[in-house]
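> the following block contains a protein sequence and its predicted model.
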Amino acid sequence: MSLETKPFNIAEHLNTPEKIRSFLQEIAATGDESDFIHALNTAARAKGMTEVAKKAGLSRASLYKSLAEDANPRFSTISKVTKALGCKLAVV
């Protein structure tokens, strides 16, 4: 009998605002800047790129470009996307 596997996709499990918030908090606490940008991308895919782009006041294409691997988005974009995901950036 062979074992069938499929790649793990965290976005499939980020199905509530609380899970998205916890995910972003964990990455912010343990990762670096590129990890956080990647986490924003993952959370935006989980919530729906079109919805997040609309709430952030960005085009869908611009959102994809801003959160792409090796992208260097402006702080204002990060802030808008974070708010569109129902979260706040904080310094504590």
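Arrived safely.

> C-alpha from now on. contacts and neighbour counts both.
Will do.

> just the element for the residue nearest the centre of the chain, please.
Geometric centre of the chain, nearest residue: Leu40, 1.9 Å, by CA atoms, centre = their mean. Assigned by DSSP states H and E, Leu40 belongs to helix 33-47.

> contact partners for Pro73?
For Pro73, the contact set (CA atoms under 8 Å, 6 or more residues apart in numbering) comprises 66-67.

> look up phi and psi at it.
phi -70, psi 160 (degrees, to the nearest 10).

> for the helix holding Leu40, packing partners?
If you count contacts as 3 or more CA pairs under 8 Å, 6 or more residues apart in numbering; DSSP states H and E, helix 33-47 packs onto helix 17-30, helix 75-84.

> now those helices as JSON lines including distance to Asn9?
Formatted as JSON lines, these follow (distance: least, CA to CA, whole Å):
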{"stretch": "helix 17-30", "distance to Asn9": "13"}
{"stretch": "helix 75-84", "distance to Asn9": "20"}
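
> most tightly packed of those helices?
Mean neighbours per residue, mean count of other CA atoms under 10 Å, is largest over those for helix 75-84, with a mean of 17.

> so how far is that one off the chain centroid?
10 Å (CA atoms, centre = their mean, to the nearest Å).

> now do that helix: everything it contacts.
Contacts of helix 75-84 (CA under 8 Å, 6+ apart): 37, 40, 44, 52-53, 55-57, 66, 88-89.

> which helix or strand contains the residue nearest to Ser34 when sequence neighbours are not counted?
Spatial nearest neighbour of Ser34, chain neighbours left out: Asp70 (7.4 Å); criterion: CA to CA, 6 or more residues apart in numbering. Under DSSP H and E, no helix or strand contains Asp70.
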